[in-house]
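>>> kindly generate the corresponding structure for this input.
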Amino acid sequence: MPTLVVTVAVEGPTDVPVARRILESVGLEMGPIYEMGGKAGLDKRLNGYNRAAAFSPWLVLRDLDHDAPCAAALVANLLPRRSDKMAFRVAVREIEAWLLADGDRIASYLVVPRSRVPDSPDRLSHAKRALVDLARRSRKRAIRDDIVPEQGVRAQVGPGYLGRISEYAAVHWRPHVAAHSSPSLRRCLTALKGVRG
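Prediction:
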């Protein structure tokens, strides 16, 4: 039986390796991918993607951020009627929470004590900031230089953040393990298993 190919839409480049890894973990293949340059662009095109999902499977990933009290409320507001083949999934509150949820692997990758990794990353107000703060404590200078922004710079992340996150997501991160500590990721995997049929 051929692997089912899923079209993907995400906010930005950090989400791409995460989406690919998630799909691989449930036996699906990533097809065309649309990076929307932020949630505003994604939200604007969501109804069109939903119409396309009447004919072929789609995965759309969006951060909850602080746009609604919970993922269900955001989905109800943005896409109250989903096509059968649409997996519109919301990371609570940021996709970095899903990466932090594999505590053993993120601690090993960042070279920090496992005890420093939050146990319930979906409860974090700013998971990206938490990940950067973890990297700030890394015993490996290259990690700090890549992920942590320089002092006085307005950027939220360091110059090598995308490369590091991509490597971690593609090579080290285990979605099924992370799902034990992230309810929003667990719901995403369950929804994708439904798409697979």
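
>>> so where's this structure uncertain?
Residue ranges of the chain with pLDDT under 70: 1, 196-197.

>>> could you chop the chain up by domain?
Here the domain parsing of the chain from automatic domain parsing is 5-95+175-196, 97-172.

>>> now render the ones you listed as a markdown table, adding mean neighbour count.
(C-beta placed from N, C-alpha, C; glycine too.) Conversion of these to a markdown table gives the following (neighbours: other Cβ atoms under 10 Å):
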| stretch | mean neighbour count |
| --- | --- |
| domain 5-95+175-196 | 18 |
| domain 97-172 | 17 |
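
>>> surely residue 143 is in a helix?
Yes. Applying DSSP: H, G, I helix; E, B strand; the rest coil, one finds residue 143 inside a helix.

>>> now residue 12. Nearest residue, chain neighbours left out?
Counting by Cβ to Cβ, 6 or more residues apart in numbering, residue 12 lies nearest to residue 35, which is 5.8 Å off, once chain neighbours are set aside.

>>> show me where this protein has its helices.
Remark: helices assigned in the chain by DSSP state H are 15-25, 39-52, 71-78, 95-100, 103-110, 127-136, 141-147, 161-167, 175-178, 183-196.

>>> out of those helices, nearest to residue 89?
Taking Cβ to Cβ as the criterion, residue 89 comes closest to helix 183-196 out of the helices of the chain, the separation being 4.1 Å.

>>> many thanks, I have nothing further to ask.
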